[in-house]
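Enquirer: below are the sequence and a predicted model; questions follow.
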Amino acid sequence: MREIFTDGSVGGLAEQSPILPGQATADRLRSAESLRQAAQRLDWTKESLEEQTPGQFLIYRFLMGLAMENRLKGVLIAHGCQPYDGQKLESRFASHNLKNLAHMLTSHNFTFSSAERTMLDKLELFVVWAGRYPIAKTKADQSIRNHSSDEHDAEIKLYERLRTHLAQVIQLP
């Protein structure tokens, strides 16, 4: 049997190497970038209304939320937060709670505005349900399914700000 691993290598099951220090960070970063690139392909602000497919922006927000989640987790791991307690994933890393991840990051000299925290709350909803299910459970939740170009730009700005911060932490060029 051949498999492809998160580092892009291909091999048999027995050939997989153990997780090395920093690999979890690298895996999260690759995952975040892959999700962000997938979201860019569905970026509703770059197409005319006629070119868009129904529900496209819901999938865009879902992918952007996952990208943001992976970026936050990668930055936390780069700062030395351990994702595993022995062999088990820590509960703080085993959730989609973006606001909690942001709160954890504030102890590492990264600040979030109240607008960014609100944005993370909204993105979390898309990761948990709004980007995954066709119908909201309540009529009130149906109003969550909107997105402005200002929100879009703020998401991209925060994602890039986290990327810059991460580059400083792991000393990338």
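Expert: Noted; the coordinates are in hand. Numbering: from 1, shown residues only.
Enquirer: tell me the mean pLDDT over stretch 162-173?
Expert: Stretch 162-173 shows an average pLDDT of 81 in the prediction.
Enquirer: which residues are contacting that stretch?
Expert: Applying Cβ atoms under 8 Å, 6 or more residues apart in numbering, the set of residues contacting stretch 162-173 from outside is 25, 29, 68, 71, 72, 74, 75, 78, 79, 110. C-beta here means a position set from N, CA and C on the backbone, and glycine is covered the same way.
Enquirer: what's the answer for stretch 140-158, then?
Expert: With contact meaning Cβ under 8 Å, 6+ apart, stretch 140-158 is reached by 43-45, 57-58, 61, 64, 68, 112, 115-116, 119, 122-123, 125, 130, 136.
Enquirer: re earlier: in strands, which of the contacts of stretch 162-173 fall?
Expert: Residues of these located in strands (DSSP state E): none.
Enquirer: by pLDDT, give me the weakest of these.
Expert: residue 25 (58).
Enquirer: so residue 132: helix, strand or coil?
Expert: Under DSSP: H, G, I helix; E, B strand; the rest coil, residue 132 falls in the coil class.
Enquirer: quick revisit: list buried residues within the contacts of stretch 140-158.
Expert: For the contacts of stretch 140-158, a neighbour count by 16 or more other Cβ atoms under 10 Å gives the buried set as 44, 57-58, 61, 64, 68, 112, 116, 119, 122-123, 125, 130.
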